[in-house]
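In: Sharing a sequence plus its predicted fold:
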Amino acid sequence: MPTDTLLFEAVLVPHRSLSRRGLRLLLGALALVCVANLVMFARLRAWPVCGFAGGELLLAALLLRLNVVGARASEMLLLNEDTLRVIRTDPKGRRAELSLAPAWLNVELEDRPGRVPALWLGAHGRREEVARFLGEAEKRDLARALAAALHRRRNPVFRNAQLED
């Protein structure tokens, strides 16, 4: 008999430490530095450098914008008795869902020298990487918590009130 009892839930979002106000302040500071460089090189009559200073500011703004857009992505891991659902939302808001059978599901943390480890969920010859945007400590915590939830699901504790007296 299937049950909808949620055994584990994790909502994963990329960490971004810069608020909107902080982003505006950073872009303003970068603009001031670029304008100062522009004025200095204009006084030295090094006109080609002025174009590079403007291009540098535009590139920094574009990269910061991509960072902000990337923060809209998320993943949700939902474990119940029947399935582990991985629901991914990309930065544009499109959702994709993957279901894995938890009975044979393995949680693997693959260490990669010099890089953040990869967190893999594997069952029946199928492997799926999750939490790509998390740091090492967060991935290790998630792997531990998910492995513990899967262990509790596979090894339930039965309580018999007649034996407890």
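Out: The structure has been received and is ready for your questions.
In: if you skip the residues just before and after it, what's nearest to the residue nearest to the spatial centre of the chain?
Out: Centroid check for the chain by C-alpha atoms, centre = their mean gives residue 133 as the closest residue, at 3.2 Å. Closest residue to residue 133 apart from its sequence neighbours, by C-beta to C-beta, 6 or more residues apart in numbering: residue 14 at 4.3 Å. Any C-beta I mention is one placed from the backbone N, CA and C, and that applies to glycine too.
In: try residue 126
Out: Per C-beta to C-beta, 6+ apart, closest to residue 126 is residue 100, 7.4 Å.
In: Give me the local confidence score for that neighbour.
Out: pLDDT recorded at residue 100 is 91.
In: So in terms of bridging, what pairs with it?
Out: residue 84 (DSSP bridges).
In: and it, how far is that from residue 74?
Out: Per C-beta to C-beta, to the nearest Å, residue 100 is found 18 Å from residue 74.
In: Who has more neighbours out of these two?
Out: The residue with more neighbours, out of residue 100 and residue 74, is residue 100; 19 against 16, by other C-beta atoms under 10 Å.
In: quick one, what contacts the more buried one?
Out: 83, 84, 85, 86, 121, 123, 126, 128 (C-beta atoms under 8 Å, 6 or more residues apart in numbering).
In: I figured the last one was touching residue 120, is that so?
Out: Which is residue 128. Yes: Residue 128 lies in contact with residue 120 (C-beta atoms under 8 Å); the separation is 7.0 Å.
In: ok, back up a step: my hunch is that the residue nearest to residue 133 is in a helix, does that hold up?
Out: No: with DSSP: H, G, I helix; E, B strand; the rest coil as the criterion, residue 14 is located in coil rather than a helix.
In: That one reaches residue 71, doesn't it?
Out: Yes: assessed by C-beta under 8 Å, residue 14 is found in contact with residue 71 at 5.3 Å.
In: Please, where are all the helices along this protein?
Out: For the chain, helices defined by DSSP state H occupy the ranges 20-43, 47-70, 136-154.
In: which one of those is the most hemmed in?
Out: helix 136-154 (a mean of 15; mean count of other C-beta atoms under 10 Å).
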